[in-house]
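**Q** Build me a model:
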Amino acid sequence: MTDLSAARTRVADWLFDQALPLWAARGADDQGRFWELLDFDGRPAPGARRRTRVQARQVYVFCEAAALGFEAGRAVARAGLDGLIATCRRDDGLWVSATDDAGAVTDPTPDLYDMAFVLFALAAAHRVLGDPRARPLALETLAAIDASMAAPHGGWNEALPARLPRRQNPHMHLLEAMLAWQATAPDPAFEAAARESLRLSRAHFQVDGALREFFTETWAPDPRTGHIVEPGHLEEWAWLLTQAEPLGLDTAEAAPALHRRAWDQGRRDGFLIREMDDQGRPVDAGWRLWAQTEGLRTCLLFDPDAAAALTERIFDVHLATETPGLWMDSYDADGRPADTAVPASTLYHLMTAFTALLETGR
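**A** The predicted structure is shown next:
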C-alpha cells in the first residue's frame, strides 16, 4: 500500500505555515479585494486587470482553507465575497469580466468561464460561511445565463456577444460549480446545468478517446485548432466525471481512459505539457503548474505511487521559491522558467489538489 503520509506532511506544512498566511496577509488590498499578482518577494503588483474569475477563485481558496482549519481564512473569504458582489455583478444578473485596482469596471463582458467560477465561489461561501446571499445569487446567476447565453446547438455561448471558437473549458468549469452546489444544496436548476455539460462532453468534447478544446458553432472540431488536446484538461475531466457519479449524474467509466491518455501521451520529463495533438504529438511542450495539480489529484484515484512522486516534483520545481509560499507557474519547452510575477489564479488549483491529498489521510 502506498504511503502518502510524507506528501501530506509536506503539503500541510507549506499550505498552513507558508502559503495561506502569506496570501492572507498580502494577497488582498485594504478593501478585501484580491490582487491579481504578487512579485517574487511576496509584494502586490498593482496595475494588472483584476479578473472576476480570480476574485472568485480566491474566495473559494479561503473558504476551503477555513474548512480545513485555517480560521484566518474565514474573514479573508468574507471580505473577498463582499468585494466580488459589490464590484463585479451586473444589473442583469450576470457578472463582468474585469475591474481595476479601484474596483471600477474595465470589461463589462459577461464571460461563461468567469461566471462558472463565481458560481463555484458562491457554493463554497454557502457551505463554509453559511452566507445567506450565496444560494439566491447562484440561482439568479444561473437563470440569467440560461436566459441570455443559451446557445442554439447546446450549451451556452462563451460570452456576450457570442464568439468563436467555442470551447469546452467554460462548460467544464460550469460542471465543476454545479457539482459543488449539488453536493451542498441541491436544486433542479443545478442538476439540469450539470447534465447539459455532461451531455456535451459525451456527444462532442470526447472524440476518439481524446478531449478536444475548440469547436465551431455547431460543435464540430474547429478547422484550425480542433486537433489541440490539453493533457491537464484530460485530468480535470477525469476527476469531475468521478465526482459526478455519486450524485447520480453520470458514470465515471471514461475517467480512467482520459487519465491514462494524459499520463501516457501528455508528459515530458515528468510533467504534463501544455498542448499535444489528437495523436499525442507535442504542440506546445512547455508546462504550467495547474496541469500538474490536476494530474496529482487524478493520480490519487488511479495511481497513488505516481501521486506521491508528482507531489515531490511539484515542490522541487514549482514551489522552490526564495520566498516560501509562492510558486513559479510556467516553464517553456526547454525547462526555463517563464514568469516575472506570481499569478494568484494558480492557488485555486493548488488548493483543490492539496485538499484532495490531505483528505486521503482522513
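
**Q** Going by C-alpha atoms from here, please, whenever you check contacts or count neighbours.
**A** OK.

**Q** neighbours of Ala102, just the number please.
**A** Under the neighbour criterion other C-alpha atoms under 10 Å, Ala102 is assigned a count of 12.

**Q** Same question for it, what's its three-state structure.
**A** Secondary structure, DSSP: H, G, I helix; E, B strand; the rest coil: Ala102 is coil.

**Q** so what pLDDT did it get?
**A** pLDDT recorded at Ala102 is 97.

**Q** How about Ser330?
**A** The per-residue pLDDT of Ser330 was computed as 98.

**Q** again with Ala254
**A** Model confidence at Ala254, expressed as pLDDT, equals 89.

**Q** quick one: low-confidence parts of the stretch 201-350 of the chain?
**A** The stretch 201-350 of the chain contains residues with pLDDT under 70 at 250-252.

**Q** now the helices for it?
**A** In the stretch 201-350 of the chain, the segments counted as helices under DSSP state H, counting those that start in this stretch are 231-244, 255-265, 289-302, 304-313, 346-359.

**Q** Tell me what angle the second one forms with helix 231-244.
**A** For helix 255-265 against helix 231-244, the angle between stretch directions is 160 degrees (axes from the mean of the first three to the mean of the last three C-alpha atoms, to 10 degrees).

**Q** Just the buried positions in helix 255-265, please.
**A** Of the residues in helix 255-265, those buried under the neighbour-count criterion (16 or more other C-alpha atoms under 10 Å) are 255-263, 265.

**Q** do the same with stretch 222-229
**A** Buried residues in stretch 222-229, defined by neighbour count with 16+ other C-alpha under 10 Å: 222, 226-229.

**Q** can you pull out the helices in the stretch 51-200 of the chain?
**A** 52-67, 72-88, 112-124, 134-149, 169-184, 188-200.

**Q** How far away from the center of its chain is the last one?
**A** Averaging C-alpha positions (C-alpha atoms, centre = their mean, to the nearest Å) puts helix 188-200 18 Å from its chain's average.

**Q** hmm, back to that, tell me which of the helices of the stretch 51-200 of the chain lies nearest to Gly155.
**A** For Gly155, the closest of the helices of the stretch 51-200 of the chain is helix 188-200, at 6.5 Å, according to C-alpha to C-alpha.

**Q** For Ala66, give its distance to Thr355.
**A** In this view, Ala66 and Thr355 are 12 Å apart by C-alpha to C-alpha, to the nearest Å.

**Q** Same question for Arg78.
**A** 20 Å.

**Q** With Pro186 instead?
**A** For Pro186, the distance to Thr355 under the criterion C-alpha to C-alpha works out to 22 Å.

**Q** repeat for Leu112
**A** Counting by C-alpha to C-alpha, the separation of Leu112 from Thr355 is 26 Å.

**Q** neighbour count winner among the two?
**A** Neighbours per residue, other C-alpha under 10 Å: of Leu112 and Thr355, the larger number sits with Leu112, 25 against 19.

**Q** my read: the more buried one touches Asn169, true?
**A** No: Leu112 is beyond contact range of Asn169, at 9.5 Å (criterion: C-alpha atoms under 8 Å).

**Q** Phi, psi for the nearest residue to Ala48 once chain neighbours are set aside please.
**A** Computed as C-alpha to C-alpha, 6 or more residues apart in numbering, the closest residue to Ala48 that is not its neighbour in sequence is Glu36, at 6.5 Å. Here is the backbone geometry of Glu36 (degrees, to the nearest 10): phi -80, psi -30.

**Q** got the contact list for Glu36?
**A** Contacts for Glu36 (C-alpha atoms under 8 Å, 6 or more residues apart in numbering) come out as 45, 48-51, 54, 343-345.
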